[in-house]
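Participant: Show me the folded form of this:
(2 chains)
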Amino acid sequence: MKTARVAFAGAIHTAFEDPKGLRLADGRIVSETEVVWLPPFETGTIIALGLNYAKHLKELSKELTITEKDEPLVFLKGPGAIIGHQGQTRRPKDVTFMHYECELAVVIGKTAKSVTAADAMEHVAGYTVCNDYAFRDYLENWYRPNLRVKNRDTATILGPWFVDAADVADPHNLSLSTYVNGERTQHGNTADFVNNIPELIEYLSEFMTLQAGDVILTGTPDGVVDVNVGDEVVCEIESIGRLSNTIVDDQVFGR
Amino acid sequence: MNFDFSPFHLSGVVYGTLMNDPEALADLGEQVNEAPYKAPPKAPVMYIKPRNTLAATGSALCLPAGHQSLEIGACLGLVIGRTACRVPVGQALDYIAGYTIVNDVSLPHDSYYRPSIRFKARDGFCPIGPRVIPASELNKPDELDVSVYIDDDLVQQSSTAGRVRSVAQLVADVTDFMTLQAGDILMLGAAARAPKAPAGSKVKIEIAGLGCLENTVVNEEELS
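Facilitator: Below is the predicted model:
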């Protein structure tokens, strides 16, 4: 099953797919554009992976002196960064390189502590699409990626749908694409993960107990490009969803 | 842990700050200009303590097998009182509801370039408390004595004074790019040369006016 969380007519609703648009839990049918899409579940700890695609890693490994044998590159994000489908992301005017990152988001469904890879998938509740923007101008070499690059308000989009794990036959064979104003700029497949989902859950749960609502953003393939004010950015993952978002300028935020 | 520190309710969102003591940077000497850092930090150096790390006073700090000691980061915790976004320095203290003590526990590590989160994000690695003292009862958050005791020996004495960013400046700089909500905690950051606590030791952090946060380091095998 796919579910969304939307705001409509004064309340927050669970919404379902419907041939005529969206069906709210109370029976109302509404169009996808007359609701405000919220992140499709209540996020707990937000765990993000850097360089988890073989090709992307190869592309950057000279710069970063990292190999596949190293420990996964993991960083954490705060809740303020998260927005929903059809949201706006601010591009500060001093930024020269801001790029999207289309990622499969894995949502934990039950507490996981010292779980082995063999048992890990039992702890996955489902999936959604994430677009996790980076603002390269702000990159500094202290506790990379520093929060000013990777934990900005409005810069992590989740949705539109939460898809039950049972409905995704193989999360390690999903095609991902990003389209900027309709043109495909990024393409990859989750088959190219350096560390797959069970390996990540085993690695993380050894030192941190994962809880329902925690989410693992599994990294992005190569093909990231600069996006500008006015661009519509769509991240799409096969069987999971099509997440859209618009880049806006400082003026919209009164800056 | 209990998030209710009457009259405050903590959100469970905790942000840490590093290198906010000029001596911490000075200790690195010329390294700050060399690879991998290449330059001193410009923005606040920050990280997140996730919810699995949150703990109360009296809790056990788990020392994993193969490690000799835990690094004790004695921090002033700023408890945010209302939505703080793009807060000017001059108004920043108005956004702080109260103050508490945070023990930012880490596995000792030498590199600040891209340290693994397993150094700082382990279960129970962020004791907070014992209370939240209302801001109205603490006039000068930038002039507080901070003492760390290990087994009753005073091992570090520092102050919240003379930081790279004062309490107000840190709130202003952080909220320029990320909004803080009521109940979030922002750590001012530990003083340079954080002490290390071995297995079996009692750790006590005292901040003037805030009380004492006490925890015990326990070997992983003994906990399981």
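Participant: Pick out the residue closest to the middle of chain B.
Facilitator: For chain B, the residue sitting closest to the mean C-alpha position, by CA atoms, centre = their mean, is B:Cys75 at 3.7 Å.
Participant: Would you confirm that it contacts B:Gly16?
Facilitator: Yes - using CB atoms under 8 Å, B:Cys75 is in contact with B:Gly16, at 7.4 Å. For glycine as for every other residue, the C-beta is placed from the backbone atoms N, C-alpha and C.
Participant: Then the residue nearest to the centre of chain B would be within a helix, right?
Facilitator: No - according to DSSP: H, G, I helix; E, B strand; the rest coil, B:Cys75 belongs to no helix; its state is strand.
Participant: CA atoms of stretch A:104-112 as CSV?
Facilitator: Provided in CSV are the C-alpha atoms of stretch A:104-112 (Å, rounded to 0.1, in the frame of the first residue of the first chain):
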residue,chain,number,x,y,z
LEU,A,104,16.1,5.8,-1.9
ALA,A,105,14.9,6.4,1.7
VAL,A,106,14.6,3.3,3.8
VAL,A,107,12.2,3.7,6.8
ILE,A,108,12.8,1.6,9.9
GLY,A,109,9.6,-0.1,11.2
LYS,A,110,10.8,-1.7,14.4
THR,A,111,13.6,-1.3,16.9
ALA,A,112,16.9,-2.7,15.6
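Participant: Please identify the buried residues of that stretch?
Facilitator: Neighbour counts using 16 or more other CB atoms under 10 Å in any protein chain shown place A:104-109, A:112 of stretch A:104-112 among the buried residues.
Participant: now for the helix or strand bottoming out on mean pLDDT in chain B, which elements pack on it?
Facilitator: None of the helices or strands of chain B scores lower by mean pLDDT, DSSP states H and E than strand B:4-5, at a mean of 76. For strand B:4-5, the packing partners by 3 or more CB pairs under 8 Å, 6 or more residues apart in numbering or on different chains; DSSP states H and E come out as strand B:126-134.
Participant: Show me what the strand it packs on is in contact with.
Facilitator: Strand B:126-134 is contacted from outside by B:1, B:5, B:7-8, B:10, B:14, B:49, B:53-57, B:59, B:61, B:77, B:79, B:97-105, B:185, B:209-213, B:215, using CB atoms under 8 Å, 6 or more residues apart in numbering or on different chains.
Participant: Swap in 6 Å and give it another go.
Facilitator: Applying CB atoms under 6 Å, 6 or more residues apart in numbering or on different chains, the contact partners of strand B:126-134 are B:5, B:8, B:49, B:53-57, B:59, B:79, B:98-100, B:102-103, B:210-211, B:213, B:215.
Participant: just stretch A:18-33 next, same as before
Facilitator: Contacts of stretch A:18-33 (CB under 6 Å, 6+ apart): A:8, A:13-16.
Participant: If we go by neighbour counts, what in that stretch is buried?
Facilitator: A:22-24, A:30, A:32.
Participant: for stretch A:133-147, same thing?
Facilitator: Taking 16+ other CB under 10 Å as the criterion, stretch A:133-147 shows A:133-135, A:138, A:140-147 as buried.
Participant: Filtering those residues by proximity to chain B, which remain?
Facilitator: The subset of the buried residues of stretch A:133-147 within reach of chain B, by CB under 6 Å from any CB of the partner chain, is A:140-144, A:147.
Participant: Among the residues you listed, which one sits closest to A:Leu51?
Facilitator: Closest approach between those and A:Leu51, by CB to CB: A:Arg144, at 11.3 Å.
Participant: Leaving out chain neighbours, which residue sits closest to that closest one?
Facilitator: Closest residue to A:Arg144 apart from its sequence neighbours, by CB to CB, 6 or more residues apart in numbering or on different chains: B:Arg114 at 4.4 Å.
Participant: So the one you found, which state does it fall into?
Facilitator: coil.
Participant: can you check A:Glu42 too?
Facilitator: Criterion first, three-state DSSP; result for A:Glu42: coil.
Participant: Mind pulling the model confidence for it?
Facilitator: Note on A:Glu42: pLDDT of 94.
Participant: I figured it hits A:Asp214, correct?
Facilitator: No - with contact defined as CB atoms under 6 Å, A:Glu42 does not count as touching A:Asp214 (10.6 Å).
Participant: Among the two, which residue is more densely surrounded?
Facilitator: Using other CB atoms under 10 Å in any protein chain shown as the criterion, A:Glu42 and A:Asp214 rank with A:Asp214 on top: 25 against 10.
Participant: Now do the same contact list for that one.
Facilitator: Contacts of A:Asp214 (CB under 6 Å, 6+ apart): A:44-45, A:108.
Participant: Among those, find me the one that's closest to A:Ile83.
Facilitator: Closest to A:Ile83, out of all of those and judged by CB to CB, is A:Gly44, at 16.8 Å.
Participant: what are the phi and psi angles of A:Gly84?
Facilitator: Per-residue torsions, A:Gly84: phi -100, psi -180 (degrees, to the nearest 10).
Participant: tell me the contacts of it?
Facilitator: Here A:Gly84 is in contact with A:37-39, A:159 (criterion: CB under 6 Å, 6+ apart).
Participant: Filter those down to the ones in strands?
Facilitator: A:37-38, A:159 (DSSP state E).
Participant: Scan those and report the most crowded one.
Facilitator: That'd be A:Gly159 among these, by other CB under 10 Å, with 29 neighbours.
Participant: check contacts around that one.
Facilitator: Contacts of A:Gly159 by CB under 6 Å, 6+ apart are A:37, A:40, A:84-85, A:128, A:243.
Participant: hmm, which two among these are most spread apart?
Facilitator: Within these, A:Trp37 and A:Thr128 form the most distant pair, 11.3 Å apart (CB to CB).
Participant: pLDDT at B:His67, what is it?
Facilitator: Each residue has a pLDDT score; the one for B:His67 is 96.
Participant: What score does the nearest residue to it once chain neighbours are set aside have for pLDDT?
Facilitator: Distance criterion CB to CB, 6+ apart; nearest residue to B:His67, sequence neighbours excluded, is B:Leu107 at 5.8 Å. On pLDDT, B:Leu107 comes in at 97.
Participant: what does B:Arg163 give?
Facilitator: 97.
Participant: Next, A:Val163: phi, psi?
Facilitator: phi -110, psi 120.
Participant: Who are the contact partners of it?
Facilitator: Contacts of A:Val163 (CB under 6 Å, 6+ apart): A:2, A:126-127, A:240.
Participant: For it, give its distance to B:Ile72.
Facilitator: Distance of A:Val163 to B:Ile72, given as CB to CB, to the nearest Å: 43 Å.
Participant: Next one, pLDDT for the closest residue to B:Asp173 other than its chain neighbours please.
Facilitator: Leaving aside its chain neighbours, B:Asp173 sits nearest to B:Pro44 (5.5 Å; criterion: CB to CB, 6+ apart). We have a pLDDT of 94 for B:Pro44.
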